[in-house]
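S.K.: this one's structure only:
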C-alpha cells in the first residue's frame, strides 16, 4: 500500500476513535466534573480524588473506557502524524526547501514520542482510577500529558510552517 493510502486509513480510523472518545468524555463532563483532559492534568492524588468524587461511578466507568480506547487511538494518531510529517519532509526535499526538510527529519519523531508519552500517561491515570500509585501516578500522568501536548503542538506547528512556506512560494510565482 502507498503512504497516501495509509494516511487515509490511519486518519479516518483515528478520527472515528476521536469521535467515540468525545462521546465518552461527555459522560464525564455531564457529572459536573471536568472531562478526561482535566483528569490528565490533575497533578496530585488529592485533585484526582476530587475529580473521581465529582464523576461518581458513571464518570469513573467512562474514564476507564476512555483510557482503554485511547491506547489504539494513540497508535493511530502517532502513526498518522509521523507519516504526514514524512510526506511533508519529502515534499520539502523535492522543492529544495532544505531547512524545512531538515526540521522535518527531527519532527518526524515527535508524534511517536507523543504517543509513547500518551501511553505512559494512561498507565498513570489507570493507576489513579484504581486507587493505586499515591501522588506519583497523577503527577507522572500530568507530566506525560503536558509532554504529549507540547509534542503534538510542535508537530502541528511544522504542518503550519510547511503550509506557510507553500503559500509564500505560490504567491511569489503568481
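M.R.: Thanks, I have it. Since the model is a prediction, treat every value here as computed from it, not as a measurement.
S.K.: what about the lengthiest helix in the chain, distance to the chain center?
M.R.: Under DSSP state H, the helix in the chain containing the largest number of residues is helix 45-95. A distance of 4 Å separates the centroid of the chain from that of helix 45-95, by CA atoms, centre = their mean, to the nearest Å.
S.K.: that one - contacts with which helices or strands?
M.R.: Applying 3 or more CB pairs under 8 Å, 6 or more residues apart in numbering; DSSP states H and E, one finds that helix 45-95 makes contact with helix 3-29, helix 36-40, helix 98-107, helix 109-129, helix 136-173. No exception for glycine: its C-beta is placed from N, CA and C like everyone else's.
S.K.: CSV please, covering those helices and showing distance to residue 58 and mean pLDDT.
M.R.: What follows is the helices and strands packed on helix 45-95, written out as CSV (distance: least, CB to CB, whole Å; pLDDT from 0 to 100):
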stretch, distance to residue 58, mean pLDDT
helix 3-29, 6, 93
helix 36-40, 14, 92
helix 98-107, 40, 97
helix 109-129, 13, 97
helix 136-173, 20, 95
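S.K.: for residue 76, which of the ones you listed is the nearest?
M.R.: Residue 76 lies closest, by CB to CB, to one member of the helices and strands packed on helix 45-95: helix 3-29, at 3.9 Å.
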